[in-house]
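K.L.:
this is a predicted model, with the sequence first.
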Amino acid sequence: MGTQLDFVSYLDNEMSVKIFTCLDDPSDIARVSCVSHSWRDFVIDNGLAKHLCLRMFPQLFRVDHVVEPASMAESPVAVGSSNMEREALKKK
């Protein structure tokens, strides 16, 4: 196999976000997150899954916060916090 280049590291952040926001299926976002650690971090840092979810379900714009039953939540996670989201994903 030839030399592999990571286009995300060569493009500016805005252009990479534009490319990834063309994905319109949650499974595509999940696959992109599995390509490499840097792509996973990029997806989390730029909230790509959240933006796709809000595009698919615009009524969620009205949601301020989510409360989970104590039996389902191991620890509280703030909605929209990329650092907390990353830590929660690392646990899984």
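P.N.:
Cool, the structure landed. Just so it is clear, the structure is predicted and the values come from calculations on it, not from any experiment.
K.L.:
going by C-alpha atoms from here, please, whenever you check contacts or count neighbours.
P.N.:
OK.
K.L.:
element containing V17?
P.N.:
According to DSSP states H and E, V17 maps onto helix 13-20.
K.L.:
quick check: phi and psi at the closest residue to F20 other than its chain neighbours.
P.N.:
Excluding its sequence neighbours, the residue lying closest to F20 (C-alpha to C-alpha, 6 or more residues apart in numbering) is L48, at 7.6 Å. Phi and psi for L48, reported as degrees, to the nearest 10, are phi -60, psi -40.
K.L.:
excluding sequence neighbours, find me the nearest residue to C34.
P.N.:
Per C-alpha to C-alpha, 6+ apart, closest to C34 is R40, 6.5 Å.
K.L.:
give me the below-cutoff pLDDT ranges for this structure.
P.N.:
Counting by pLDDT under 70, the chain has low-confidence residues at 1-2, 71-86, 88-92.
K.L.:
all helices of it, in order?
P.N.:
Here the chain has its helices, by DSSP state H, at 7-10, 13-20, 26-33, 37-45, 48-56, 82-91.
K.L.:
out of the ones you listed, which comes closest to A70?
P.N.:
Closest to A70 of the helices of the chain, according to C-alpha to C-alpha: helix 82-91, at 15.9 Å.
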